[in-house]
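Asker: Dropping the sequence and predicted coords here.
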Amino acid sequence: MAFWRGASLFSSSTAAPTSSSNTFGQETIERLSDRLQTATRTEDRRDAVRGLKALSKKCKLEVGTQSMTLLANILQGDRSDLDLIQLSLETLANIVTYEVANEEEQANLPQDITVQFTELYIKNKANVHAALELVEETDFNVRRSAIRFLTALLTNCPKELQEIILESGPMGVSKLVDLLQDEREVIRNDALLLLQILTRSNANIQKIVAFENGFERLFEILVSEGGSDGVVTVEDCLSVLLNLLKNNPSNQSYFREGSYIRRLVDFFELGSIGEKRWSAQKVTNVHLLLQVIRTLVSPTNANQNIVACQRTISQCGLLHRLCVMLTLTTIPADVLAETINTLGDVVRGHTENQQFLSSVMNTTGEAQQPVLFNLLYTMVAGEKQPFPLRISILYCLQCYLYKNELGKSLIVHTLLPQTENAASQYTLGHLMIIGYLSKDVVASWCSGIALARLVADSQQFKEAILKVVLAVDQAQTGAKTLMEISIDLLQNSSSSFHTRVAVLIFLSTWLSNCSLAVQAFLSIPNSISYLISQICAQLMADDRENLIQSLCSFVLGLCLLFNNNQIPSYTTEALERLINKRIGIELFQERLETLSKSEFYAKALQKPQLKLSKSADMILDYEFARLYKALEGSIGRMLTTQTMNATDKSLGDPLSSNLYDQQTSTMMTHYNDLIRQQDQQLNTYKQQEKYLLQETDMQKRKINELEQKLQEIKDQYSLLKISTKQGPDAHNELRAICEQQRVELEYLRNVLAQQQSSTMNHVANGIEKLNVSDGENHTIQAGERAALTARITELQEKLNSYDERYAAQNDEIARLQLENGVLQEKLTNEKRKVSLLESFQGQTQELIDDKTRLSDDYQKLNDTHQQTLIEQNDLLALCSNYEDQLTTCRNLLQSAGITIPNFLLELDDNE
């Protein structure tokens, strides 16, 4: 112990105690540690550990440095003294935990002291394995102390502990999952807390827990505890369930295929959800249940999983339950907001679910109205409603419009000029316009984003809303188009920052890939001059104004990129000269790139789901961030190319007018020939595209075949689960099938990569040739190049989607291989159990035979004993008769006066 006294492991960060009480405590701890190390009697060792436990909080540093190794050795040593093991576990738990509110804790310790002690303990992996083995002890106190100690270790060093537990094999995790079946609720609840930490951000552990019937165990607890009306145990169960499903495609598929989604419907019963009073715990439970549903249909999941889960949610009636919740007035606002978000994820991109949502009617009011109308009205006119509720409605509306051409067309149709009766009826489109023009910041921003999503990815709808005309005043003496009103909102000094951002996002979405919208924008007076004035303004210290400048640069760049040159004063070349003269290319690009460096842009690009906590966060949304990311580079490249071409022209000698006319005629002829050649090349590209589509169809058929084979593998695994008595040949065959699937998928991926590379090279070479031959004809070819680039992007997205499917297939094979390993280990254990049972059966049979033999011997002895008793009784009866006869003979002799023999006289004496 001299080493610990001379230099503590943590002496660099903690001053040595100088008070007499601390000195006494150190000496006491040293004596107890020596006693624990040298004592041979169990009682002495137990008393020493009990003393260390009493000091483990007040003198945490000293107890940890001097006794942690000794306590760890106890866990690995003799397991006969359960009291000693329990005390050791509790002492170690005190060392690696620090309760801030506990006055008994030692003061002036480093903040990471518990982490340092944990790292010291887990440095020897055998220590962790020993604690894992103690979880299997049936003794209540030992098992509970082991669970709490492992929980403390996981809290301090989660990743390291997860790796060590995985190294112990799948059965290490299986031991912890089995704790959920413990009939003692305290043990079960502590096991839930342990699994909460264990299953965080570790896909392998999550898969093992799910494969060990973790879902079934959790649902059993949820049902037994009362579902959404249950206590904090329900919250713990749902937290573990969320950990198992987040970012884990294989677990999500297993959850769906195991019909667990259908079991969620029972937790949304109308009798429970419709209660007037909600406890805080019930609010938390329902929140977690909704998050479980959102995790299954999150836009960040693989598209195959999303569609399958959306279909299951609709078929089992869960979508209907969520829609019913929207019509209830007793649901708290925060739960209602999360329900709307969940509903949005469930219908996003799914045509049938979107149509179902549009058909749901709210019958609680005086007149029946669509639920969507009520929601949008709340977003637009509900200034007193909570901000999260209004943002959730916007997200639900975005999801409803996503890839919903029918729903979009119905809303756009209501905005077009109609009859007087039809115009007097409020519709979703009218509510969007009302919110767009509202003075309420939240309503105007949300409505602007909603209008942007209404026309996104559809040139038809972008051109259709060019016809939307709105009255400027109530008398309807004047009218303006929707684009003119948008420009007025930008130029209005009373417009808020958020309103201007929403208008610019709407205009950017409207102008992208729509030359008619650009033409209408350029025809509005002062539209370009306003953008230029904003871009040229001095750079502000306020990040928000800099963001406005960047958005204006992006709108101006879209006018340049998608210009059809129908406005003589604002052709592509005119806009380029204007930018170069009034702004400067470098300054314009600097303003344009400002948005990409903004934290708002980085945050919006992370995921499609809107997560805004306050109105100040209303800046950008996911779809606009994707649009900016796709087109920002094209705008910059276009300006750079045009600048280089203009520079090359300026280097030539001046020409006379006649020579210029001749060259112009020659150039026009050359351009006509060039255009003809380019048409031929485009036809060639179309043929190549057709061939690529045919190849794609063939690859799709191969994918379907692979899916069928994977289904066969799943069926074989199901048979393996049912019967664990199959020999290793079945596993070898299954392993061979998995290997064959992996080889086929790898070959398919290589083929697609070669096709992709070949196609991209052909297209890139073609574009390069076009650029070389058309160095001075950018105006004519800009539209074709943009269309070709868009087609390439579309093909790239298709190929990426195939890569995602292949990655999903690989994940499925990896999951099956993992399940195969687990099944093999379980099969080995089962065989070991069977062999033990067979030996036990043999021993039992021997005992039965011995018992039978002993029973026969006993029966014989018993029969002999009974016979002996009968003979004894007969002998006693005979002796009694003989004695009676002697007595009679003596009496006769005595009466006859004959001398009585002595043996007859002795008869009286004996009596």
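Answerer: Perfect, thanks for sending it.

Asker: quick one, strands of the chain?
Answerer: Along the chain, the segments classed as strands by DSSP state E run 361-362, 369-370, 469-471, 479-481.

Asker: which ones are touching the closest residue in space to I391 that isn't next to it in sequence?
Answerer: Distance criterion Cβ to Cβ, 6 or more residues apart in numbering; nearest residue to I391, sequence neighbours excluded, is L612 at 5.1 Å. Quick note: C-beta positions are derived from backbone N, CA and C, even for glycine. Neighbouring residues of L612 by Cβ atoms under 8 Å, 6 or more residues apart in numbering: F387, P388, I391, M618.

Asker: For ChimeraX, write the selection for the buried entries among the residues you listed.
Answerer: Of the contacts of L612, the buried ones go into a single ChimeraX selection, burial set by 16 or more other Cβ atoms under 10 Å:
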select :388,391,618
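
Asker: Output the lowest mean pLDDT helix or strand found in the chain.
Answerer: Within the chain, judged by mean pLDDT, DSSP states H and E, the helix or strand with the poorest mean is helix 2-6; its value is a mean of 34.

Asker: about what we covered before: least confident of the strands of the chain, on average?
Answerer: Sorting the strands of the chain by mean pLDDT places strand 469-471 lowest, at a mean of 83.

Asker: Give me the distance from that strand to the chain's centre.
Answerer: 46 Å (Cα atoms, centre = their mean, to the nearest Å).

Asker: Surely V469 is in contact with K480?
Answerer: Yes. Judged on Cβ atoms under 8 Å, V469 makes contact with K480 at a distance of 7.0 Å.

Asker: in stretch 105-124, what's buried?
Answerer: Here stretch 105-124 shows Q106, I113, T114, Q116, F117, T118, L120, Y121, I122 as buried, counting by 16+ other Cβ under 10 Å.

Asker: ok, now stretch 251-258?
Answerer: Using 16+ other Cβ under 10 Å as the test for burial, stretch 251-258 gives N251, Q252, S253, Y254, F255, R256.

Asker: Likewise for stretch 894-905?
Answerer: Using 16+ other Cβ under 10 Å as the test for burial, stretch 894-905 gives no buried residues.

Asker: Report the rounded mean pLDDT for it.
Answerer: Stretch 894-905 carries an average pLDDT of 76.

Asker: and the end-to-end length of it?
Answerer: 11 Å (Cα to Cα, to the nearest Å).

Asker: Run the chain-centre distance for that stretch.
Answerer: Distance, centroid of stretch 894-905 to centroid of chain: 118 Å (Cα atoms, centre = their mean).

Asker: which residues touch that stretch?
Answerer: Outside stretch 894-905, the residues that touch it by Cβ under 8 Å, 6+ apart are L886, C889, R890, L893.

Asker: Just among the residues you listed, which is most surrounded?
Answerer: Neighbour tally across those (other Cβ atoms under 10 Å): the maximum, 17 neighbours, falls on R890.

Asker: pLDDT score assigned to it?
Answerer: R890 carries a pLDDT value of 79.

Asker: if I look at it, how far off is F903?
Answerer: Per Cβ to Cβ, to the nearest Å, R890 is found 10 Å from F903.

Asker: got it, and A896?
Answerer: Per Cβ to Cβ, A896 is found 18 Å from F903.

Asker: so who does I74 touch?
Answerer: By Cβ under 8 Å, 6+ apart, the residues touching I74 are R45, V49, L84, I85, S88.

Asker: And those, which is closest to Q491?
Answerer: Of all the contacts of I74, the one sitting nearest Q491 is S88; the distance, using Cβ to Cβ, is 76.2 Å.

Asker: Tell me how many other residues crowd the closest one.
Answerer: S88 sits with 29 neighbouring residues when counted by other Cβ under 10 Å.

Asker: Also L551?
Answerer: Neighbours of L551 (other Cβ under 10 Å): 27.

Asker: Compute the distance between the closest residue to it other than its chain neighbours and S494, please.
Answerer: Nearest in space to L551, with sequence neighbours left out and distances taken as Cβ to Cβ, 6+ apart, is L504 at 4.1 Å. Using Cβ to Cβ, one obtains 17 Å as the distance from L504 to S494.

Asker: who's more crowded, those two?
Answerer: L504 (25 against 7).

Asker: What's the separation between the more buried one and F554?
Answerer: Taken as Cβ to Cβ, the span from L504 to F554 is 8 Å.

Asker: Pull the residues that contact stretch 371-381.
Answerer: Residues contacting stretch 371-381 (Cβ under 8 Å, 6+ apart): 323, 326-327, 340, 357-358, 360-362, 385, 389-390, 393-394, 396-397, 400, 426-428, 431-432, 434-435, 438, 443, 446-447.

Asker: May I have stretch 867-887 exported as PDB, CA atoms only?
Answerer: C-alpha atoms of stretch 867-887 as PDB (Å, rounded to 0.1, in the frame of the first residue of the first chain):
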ATOM      1  CA  GLN A 867     -45.400 -63.600   8.900                       C
ATOM      2  CA  THR A 868     -43.200 -63.400  12.000                       C
ATOM      3  CA  LEU A 869     -45.700 -61.300  13.800                       C
ATOM      4  CA  ILE A 870     -48.400 -63.900  13.100                       C
ATOM      5  CA  GLU A 871     -46.300 -66.700  14.400                       C
ATOM      6  CA  GLN A 872     -45.500 -64.800  17.500                       C
ATOM      7  CA  ASN A 873     -49.100 -64.100  18.100                       C
ATOM      8  CA  ASP A 874     -49.900 -67.800  17.700                       C
ATOM      9  CA  LEU A 875     -47.100 -68.700  20.100                       C
ATOM     10  CA  LEU A 876     -48.400 -66.300  22.700                       C
ATOM     11  CA  ALA A 877     -51.800 -67.700  22.400                       C
ATOM     12  CA  LEU A 878     -50.500 -71.300  22.800                       C
ATOM     13  CA  CYS A 879     -48.400 -70.200  25.900                       C
ATOM     14  CA  SER A 880     -51.500 -68.600  27.400                       C
ATOM     15  CA  ASN A 881     -53.500 -71.900  26.900                       C
ATOM     16  CA  TYR A 882     -50.700 -73.900  28.400                       C
ATOM     17  CA  GLU A 883     -50.500 -71.700  31.500                       C
ATOM     18  CA  ASP A 884     -54.300 -72.000  32.000                       C
ATOM     19  CA  GLN A 885     -54.000 -75.800  31.800                       C
ATOM     20  CA  LEU A 886     -51.200 -75.800  34.400                       C
ATOM     21  CA  THR A 887     -53.300 -73.600  36.700                       C
END
